[in-house]
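Trainee: quick one, structure for this:
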Amino acid sequence: MKFCPHCGTQLDDAALFCAGCGNKLEAPQQDTAQAETVQDNPAVNETAGTYNASVVPGNNANANKPAGKNKLLIPIIAGVCALLVIVLAAVVLKLTVFQSWKAPIKQMMKALNAGESEDAEEFIYLSKDMKEYFDDEEEFFETLVLYGFGVEIDDLEDCVEYKIVDHVKLSDDYVDYYSYKIDEGTAYMVEVAMTIDNEDADFEEGSLIFIVGEKDGTYYIFDCDYVDYDAEDEDGSDDSDDTDDADEL
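Mentor: This next block holds a predicted model:
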């Protein structure tokens, strides 16, 4: 309740004119602090005076939904990343630690098709006996090509095709007999069919026999011969499987 300042008549709080004297009453003034609070609060619509709960922190009903989905994705993404790391590590391990006996042969054929001998030490290992005749692996490789194919190595650029057709695992006794300095249990006799597309070459098509083995963690070619070799299993079937499970000599 309020009273008219002119005649003292008791009036309702919402009255704009006095019922006793008819004078206009002053509108009630809004508390300044309250007005500033309402003006600065984005939760209150300035025109309609309504309350907007969506802009008040913590009152948005949809705010937590994306976060919940993201929490579910985190372990899935972590699992995929872990799997990729394991696969990559396995590939690197296979290419480094578990190097295949095929590697030096592939390297040699790549060098032949490039017409280069500078990297021969990466796939050829010279024993002490061989070093009495050759200064290094590069000289041995160039001599092997010259006397085996009848041309210089640079004449074989992009001329060589090959296929590994057979391999036989060699016993340690066999390796010791020929004084190959190969780590135990890692020696193979490998037959490689070759074709050379060069009319000047004495060797156009045939087989080469390689003695391949591991030395200090790396596979090398220890010997090579240009004699055809028909490696067969005990039952007479051709063993062209690329696995390490081969007959042992």
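Trainee: ok, which stretches of this structure are strands?
Mentor: Assigned by DSSP state E, the chain shows strands spanning 2-3, 10-11, 160-169, 188-196, 205-215, 218-225.
Trainee: for the fourth one, packing partners?
Mentor: Which is strand 188-196. strand 160-169, strand 205-215 (3 or more C-beta pairs under 8 Å, 6 or more residues apart in numbering; DSSP states H and E). Glycine gets a C-beta too; all of them are placed from N, C-alpha and C.
Trainee: what sits against Tyr162?
Mentor: 105, 109, 192-195 (C-beta atoms under 8 Å, 6 or more residues apart in numbering).
Trainee: okay, and the beta partners of it?
Mentor: With DSSP bridges applied, Tyr162 shows beta-bridge pairing to Met194.
Trainee: again with the one 5 residues further on
Mentor: Judged by DSSP bridges, the bridge partners of His167 are Val190.
Trainee: my read: it touches Val192, true?
Mentor: No: using C-beta atoms under 8 Å, His167 makes no contact with Val192, being 9.5 Å away.
Trainee: higher neighbour count, these two?
Mentor: His167 (26 against 21; other C-beta atoms under 10 Å).
Trainee: so what's Asp223 bridging to?
Mentor: Under the criterion used (DSSP bridges), Asp223 bridges to Ile211.
Trainee: for Ala19, see how far away it is.
Mentor: Asp223 sits 127 Å away from Ala19 when distances are taken as C-beta to C-beta, to the nearest Å.
Trainee: what about the two, which has more around it?
Mentor: Comparing Asp223 with Ala19 by neighbour count (other C-beta under 10 Å), the higher total belongs to Asp223, at 16 against 12.
Trainee: quick one: that one and Glu138, what's the gap?
Mentor: 17 Å.
Trainee: same deal with Ile74?
Mentor: 55 Å.
Trainee: neighbour count: those two, which is higher?
Mentor: Set Ile74 next to Glu138 and count neighbours by other C-beta under 10 Å: Glu138 wins out with 17 against 9.
Trainee: look at the more buried one and report its pLDDT.
Mentor: As predicted, Glu138 sits at a pLDDT of 94.
Trainee: isn't it right next to Glu122, touching?
Mentor: No: here Glu138 does not reach Glu122: they are 10.6 Å apart, not a contact under C-beta under 8 Å.
Trainee: and of the strands of the chain, who's closest to Ala90?
Mentor: Nearest of these to Ala90, taken as C-beta to C-beta: strand 218-225 at 19.2 Å.
Trainee: all helices of the protein, in order?
Mentor: Secondary structure of the chain (DSSP state H): helices located at 32-40, 64-96, 103-114, 128-131, 137-149, 172-177.
Trainee: out of these, the one nearest Phe203 is which?
Mentor: helix 137-149 (4.5 Å).
Trainee: residues contacting Leu112?
Mentor: So Leu112 contacts 145, 153, 156, 159-160 (C-beta under 8 Å, 6+ apart).
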